[in-house]
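Participant: 3D model of this:
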Amino acid sequence: MKIHLNNIPDIKELEILLIKAGFTDRTTNQIKKAFSNSRYIVSITDNGVLVGIGRAFGDEVDCVVICDVVVSPEKRKHGIGTMILKNLTKMISHHMRIILYANLETEEFYKLLGFQKMDTVMVMWDYEFLNSRLNQ
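Facilitator: I've put the predicted structure just below:
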């Protein structure tokens, strides 16, 4: 296994990994833009094949967000996710707060690494609703 820091892998290889892991809600261009706009990226290859990745972005002082932590389904339970998180958290440790965006089924994994569930987070998916409220 080889760890790569701040290197965006081949976009087609990244897209294949994301699809295999069930991350199918973005186009190729959206994936490319999201990773290009992320200051911190950790990827893991096994014999030259991308098997895991994670990214983070932040304001360099207060808050940083970790997202898209993905491990190929056949490589899970081999320490790859832990390697990604340990390297990412080292890279972003100068921030006061680390916010993790994750799926519910991975909650226990992240708790083992010291993350805590936070009940005060809110999200907006319906931007048209917000715009309609702002324009009243």
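Participant: Contacts only, for the closest residue in space to S72 that isn't next to it in sequence.
Facilitator: Nearest residue to S72, sequence neighbours excluded (Cβ to Cβ, 6 or more residues apart in numbering): V51, at 4.6 Å. The way it works is simple: take the backbone N, C-alpha and C, and place the C-beta from them, glycine included. The contact partners of V51, taken as Cβ atoms under 8 Å, 6 or more residues apart in numbering, are 1, 17, 44-45, 71-72, 75, 80.
Participant: Next one, pLDDT for Q136 please.
Facilitator: Q136 is assigned a pLDDT of 67 by the prediction.
Participant: Oh, that last question was meant for T24, not what I typed.
Facilitator: Here the pLDDT value assigned to T24 is 85.
Participant: For it, grab the count of nearby residues.
Facilitator: When neighbours are defined as other Cβ atoms under 10 Å, T24 has 9 of them.
Participant: How about the secondary structure of it?
Facilitator: Here T24 is recorded as coil under DSSP: H, G, I helix; E, B strand; the rest coil.
Participant: residues in contact with Y110?
Facilitator: For Y110, the contact set (Cβ under 8 Å, 6+ apart) comprises 85, 100, 102.
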